[in-house]
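Q: What follows is a predicted protein model with its sequence.
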Amino acid sequence: MKLNLKIYRYKPGSEPHYDTFPVDVPETANVLDAIERAWDDLDRTIMFRHACHHASCGSCGLLVNDQEKLPCVTPVKDYGEGATLKIDPMRNMPVITDLAVDASPIYQRMALIGLPIIRDAETLRADGKEPLPEGLEAFRRFENCLECGLCLSACPVMATDPQFLGPLTLAAAERLLAEPRGVDIERIYRLVDDEHGVWRCHSSFECTEACPYEVYPGEAIMRLKRKVGLRKIKQFFGGA
Amino acid sequence: MSQKYHVIVIGAGSTGTATAHDLALRGLQLTVIERGEIASGTTGRNHCLLHSGGRYAVTDHEGAVECIDENLTLRQIMRDGLELNDGLFVAVDESDLAFKDTFLEGCASCGIPARDIPVKRALEIEPYLNPKILGAVQVPDGVFDPYRFCLSFLATAKKNGATVLPYHEVVGLLMSGQAVSGVKVLDHRTGKQYEIGADLVVNATGPWAGKIAAFANVDVPVLPTAGVMVSISKRLNQMVVNRLNKPHDGDIVVPQRMTSIIGTTSWKVDDMDAIHIPQEHVDKMIEFGEKMIPALRDNPIRGVMAVARPLIGKKSADEREVSRTFAGFDHAHDGVENFVTISGGKTTTARGMAEKISDIVCAKLGVSAPCRTREVVLESYRSYYNN
């Protein structure tokens, strides 16, 4: 399948521009495969972030035709034979070079909340009764949130308030309130009940639109607002 | 020369990052150089299986012992990055079932805890397993996230003073007579080349090891061998599911987050950077995978990946028979000083590989500090971006 990749190019100290690369990839390929083809066959100086190629690491996030995507799980056939794909780095974080961004804004925010990456896994059985193998306390798995930063890139508030905690962070806080795993909940409430916290979100749901992995940060923030609000009311009436 | 470092580690995959951690703990100054993103080579495109060693218990005793040893160590030091739900080896046919006793004996001789469990029980635990399985054995397999695996080692190395340079490609080795004295790098962030001096250079570039070694005119017996993995859009197992038999194509299904990943195949490649995935290999994964978990065929494929893995061995050997264990090379034996290569192995054994090559590095530099990576708990992967 033939495609044109119009890739954002930038080296510090020089003017950003686009280079267009014609590539030919199998119909089953994802956009990341196409970018790698351009790098391999045409220009070894194209810099882009990638590691796992199956939506586990969250490192490859970027914009395809101005939409936040994980290119490792975005099929090229979504765009059709002969299409031109405009590829840009994510928004709201510093660009190191070309498509590679500095991921610090993502990881520093998540470190602030401290969501443990290991959570309880859902049962695989319809009746919900899944016995455990001897020696295990629970079935565990990694959290849904890949820390890819696509929600930070898509968030309109992030563009105007760089101190905003951000959708992934607030969604992580909401996960902690649901499954604390030993984390200090009071600290989480203090962190999110702030002008740069949960109240700064104006519910545009761009984050939910961008999220590749069912975290649905927009909905999580709505739940978090209710929790924080209810707690304030209870405290006003002298409750816990 | 911009700055004099003690050691340069080339490659930020599992081996390079674990080596950086080991050397930094021993008090050495060092710089890690990586041509792209952390874990963007072999380590990234990983089956994500924290081996118990069960897979090699019958065919490769040495490899199996390394796996269980490192598996148990990683559980202690990498506390926030492993899905630890054990694994099952399942017998699909009579030949598998006949292999069970050999398998249990193999596990026992390698020190791998293995428990024969009733089929009925296995089917209760894993409801998507083929209901016709004839036997099941539980072993302490696990699952990791390869990117975070490397970030954890690097975060700890950085805390202990290491410098990390991603987007820097080594384009040559600096020679001082018959000794390596540093590297020439292309900084892809600026497009400029410059030199970095070193007392010693560690080549930890996996299947690319031959390419780096060629800069010093030395040969390393690394055989780049590709394998396909297929990620399915639903998690169909909680435990790693393996075929109870000798290692074969498509005999492991690794669950991770909300996916199940089937792997793998094996074919020799000449160019590590240009791997074209044969469709028949993808079809084979589904065909073999569904024998253990039939629903793998009913759920859409989410992604297909392939990458070259570094197998150590003679170039003519059959790919699957070549030992998966690692090798460290001191190129003083090839007439080049201050230059070592570590390659082969698996992500599971990265810490052990790092220990071995770091021992060689320290002996060469006259550093007596012992390895401490078995005991030191790693920093959170997130703190890689915090310091």
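A: Right, received. Where do you want to start?
Q: elements contacting the helix ranked longest in chain A?
A: In chain A, ranked by residue count with DSSP state H as the criterion, the top helix is helix A:217-236. When contacts are defined as 3 or more CB pairs under 8 Å, 6 or more residues apart in numbering or on different chains; DSSP states H and E, helix A:217-236 packs onto helix A:167-178, helix A:185-192, helix A:206-210. Where you see a C-beta, it was placed from the backbone N, CA and C, and this is true even at glycine.
Q: so which of those helices is the most packed in?
A: Using mean count of other CB atoms under 10 Å in any protein chain shown, the stretch among the helices and strands packed on helix A:217-236 with the greatest mean number of neighbours is helix A:167-178 (a mean of 24).
Q: That one versus helix A:185-192: what angle between them?
A: What separates the directions of helix A:167-178 and helix A:185-192 is an angle of 150 degrees, with axes from the mean of the first three to the mean of the last three CA atoms, to 10 degrees.
Q: in what helix or strand does the nearest residue to residue B:208 once chain neighbours are set aside lie?
A: Distance criterion CB to CB, 6 or more residues apart in numbering or on different chains; nearest residue to residue B:208, sequence neighbours excluded, is residue B:272 at 5.7 Å. In this structure, residue B:272 sits in neither a helix nor a strand according to DSSP states H and E.
Q: Now do residue B:272: how many residues are near it, please.
A: Here the number of neighbours of residue B:272 (other CB atoms under 10 Å in any protein chain shown) works out to 22.
Q: tell me the contacts of it?
A: Listed by CB atoms under 8 Å, 6 or more residues apart in numbering or on different chains, the contact partners of residue B:272 are B:207-208, B:211, B:224, B:308.
Q: Alongside chain A, which residues does the stretch 201-350 of chain B contribute?
A: By the criterion of CB under 8 Å from any CB of the partner chain, the positions of the stretch 201-350 of chain B lying close to chain A are B:229, B:231, B:235-239, B:255-259, B:261, B:273-274, B:277, B:279, B:282, B:301-305.
Q: just to revisit the earlier point, just checking, which of the contacts of residue B:272 belong to strands?
A: B:224, B:308 (DSSP state E).
Q: For chain A, what is the nearest residue in the stretch 101-250 of chain B?
A: residue B:147 (3.5 Å; CB to the nearest CB).
Q: residues touching the spatially most central residue of chain B, list them.
A: Most central in chain B under CA atoms, centre = their mean is residue B:347, positioned 2.2 Å from the mean C-alpha point. By CB under 8 Å, 6+ apart, the contact set of residue B:347 is B:14, B:43, B:46, B:144, B:146, B:149.
Q: right, and the pair among those with maximum separation?
A: In terms of CB to CB, the contacts of residue B:347 reach their longest pairwise distance at B:43 and B:144, which sit 10.1 Å apart.
Q: For residue B:215, which non-adjacent residue is spatially closest?
A: residue B:173 (4.2 Å).
Q: secondary structure class for residue B:302?
A: For residue B:302, the secondary-structure state derived from DSSP: H, G, I helix; E, B strand; the rest coil is strand.
Q: again, but for residue A:131
A: Look at residue A:131: counting by three-state DSSP, its state is coil.
Q: Local confidence estimate at it?
A: Looking at residue A:131, its pLDDT stands at 92.
Q: thinking it is in contact with residue B:125, fair?
A: Yes - using CB atoms under 8 Å, residue A:131 is in contact with residue B:125, at 5.9 Å.
Q: Between these two, point out the one with more neighbours.
A: Neighbour count, other CB under 10 Å: between residue A:131 and residue B:125, residue B:125 has more, with 26 against 9.
Q: what's the more buried one in contact with, if anything?
A: When contacts are counted by CB under 8 Å, 6+ apart, residue B:125 touches A:130-133, B:88, B:238-239.
Q: if you set the cut-off to 10 Å instead, what comes out?
A: For residue B:125, the residues meeting the contact criterion (CB atoms under 10 Å, 6 or more residues apart in numbering or on different chains) are A:124-125, A:130-134, A:136, A:139, B:85-86, B:88, B:117, B:136, B:138, B:237-239.
Q: Looking at it now. What's its pLDDT?
A: Among the per-residue scores, residue B:125 holds a pLDDT of 96.
Q: what's the spacing between it and residue B:48?
A: According to CB to CB, to the nearest Å, residue B:125 stands 20 Å off from residue B:48.
Q: Might you specify the subset of the contacts of residue B:347 located within strands?
A: Short answer: the contacts of residue B:347 in strands (DSSP E) are residue B:144.
Q: CSV please, covering the contacts of residue B:347 and showing pLDDT and neighbour count.
A: Converted to CSV, the contacts of residue B:347 look like this (pLDDT from 0 to 100; neighbours: other CB atoms under 10 Å in any protein chain shown):
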residue, pLDDT, neighbour count
B:14, 98, 30
B:43, 97, 27
B:46, 95, 31
B:144, 98, 26
B:146, 97, 24
B:149, 98, 31
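Q: Next one: residue A:43 from residue A:16, what distance?
A: Using CB to CB, one gets 16 Å for the distance from residue A:43 to residue A:16.
Q: now residue B:195
A: Residue B:195 sits at a distance of 29 Å from residue A:16 (criterion: CB to CB).
Q: again with residue B:118
A: Residue B:118 sits at a distance of 63 Å from residue A:16 (criterion: CB to CB).
Q: Kindly report the same for residue B:202.
A: Applying CB to CB, the value for residue B:202 to residue A:16 is 36 Å.
Q: now do residue B:84
A: Going from residue B:84 to residue A:16 by CB to CB gives 45 Å.
Q: The two: which is more packed in?
A: A count of neighbours by other CB under 10 Å puts residue B:84 above the other of residue B:84 and residue A:16, at 18 against 12.
Q: Not counting residues beside it along the chain, what's closest to that one?
A: With CB to CB, 6+ apart as the criterion, residue B:84 has its nearest non-adjacent residue at 4.7 Å, and that residue is residue B:142.
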